[in-house]
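S.K.: model the structure of this input:
(chains A and B)
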Amino acid sequence: EAAVTQSPRNKVAVTGGKVTLSCNQTNNHNNMYWYRQDTGHGLRLIHYSYGAGSTEKGDIPDGYKASRPSQENFSLILELATPSQTSVYFCASATSNSDYTFGSGTRLLVI
Amino acid sequence: QQKVQQSPESLIVPEGGMASLNCTSSDRNVDYFWWYRQHSGKSPKMLMSIFSNGEKEEGRFTVHLNKASLHTSLHIRDSQPSDSALYLCAASPYNQGKLIFGQGTKLSIKP
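M.R.: Predicted structure coming up:
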């Protein structure tokens, strides 16, 4: 069954540390997305990709990097984590018609 | 200010009643709208999408779209306790594939 798998499910990081969130999809979708979800803000787009080797900035890219080394994998990198980046992060893969499949989410706490 | 605005922020409806949720895009460069439902602690799941002016019905769910005003609404009839969730509206800018989400409406169905 096609799926989007995120790891880790939960993460506690220290302020100033490096955090990498991973996402793997078996849908063979070209498009992949990283969102964060905070109460009162819905889902906000951080970075996205149209295929291997490409990354694009979303609406709130500051403090985040993205990497798409292959069709299947899309990572979100926090080089210097801050408490304001405490959130739930969702990865999604999608067709060009925006038919999204979301992962189960990663809950990140930065202390 | 978010480009996709939803109202109300929260809504309480008695079991068996009608729930009506609203969503408007302030970005005129959008053409498709989606409605997602997200139960607590879970990832968003697509409910319905609408691309053309008018109405679309699937079971207890009806979506309306007015493209001139970029307003969409979701109506849930015969509401059930299992409908209690966060409802997210999303819009897609022309030819971009990515989805821009609203802040959500929290729906509670009271038995």
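
S.K.: now do the SS call for A:Gly40.
M.R.: coil (DSSP: H, G, I helix; E, B strand; the rest coil).

S.K.: any idea of the pLDDT on the residue lying closest to A:Ser87 once chain neighbours are set aside?
M.R.: In space, and not counting its chain neighbours, A:Ser87 is closest to A:Arg36: 4.4 Å by C-beta to C-beta, 6 or more residues apart in numbering or on different chains. In short, each C-beta sits where N, CA and C put it, glycine included. At A:Arg36, the model reports a pLDDT of 98.

S.K.: so A:Arg36 is in which element?
M.R.: strand A:31-38 (DSSP states H and E).

S.K.: touching, A:Val12 and A:Thr86? I think so.
M.R.: No: with contact defined as C-beta atoms under 8 Å, A:Val12 does not reach A:Thr86; the gap is 9.7 Å.

S.K.: and the two? Which one has more around it.
M.R.: Shown here are A:Val12 and A:Thr86; by other C-beta atoms under 10 Å in any protein chain shown, A:Thr86 has more neighbours (16 against 12).

S.K.: who touches the residue nearest to A:Ser87 in this structure?
M.R.: Applying C-beta atoms under 8 Å, 6 or more residues apart in numbering or on different chains to A:Arg36 gives the contacts A:43-44, A:46, A:60, A:85, A:87-90.

S.K.: any idea which of those residues is the one closest to chain B?
M.R.: A:Leu43 (4.1 Å; C-beta to the nearest C-beta).

S.K.: just the element for the closest one, please.
M.R.: In the assignment (DSSP H and E), A:Leu43 maps to strand A:42-49.
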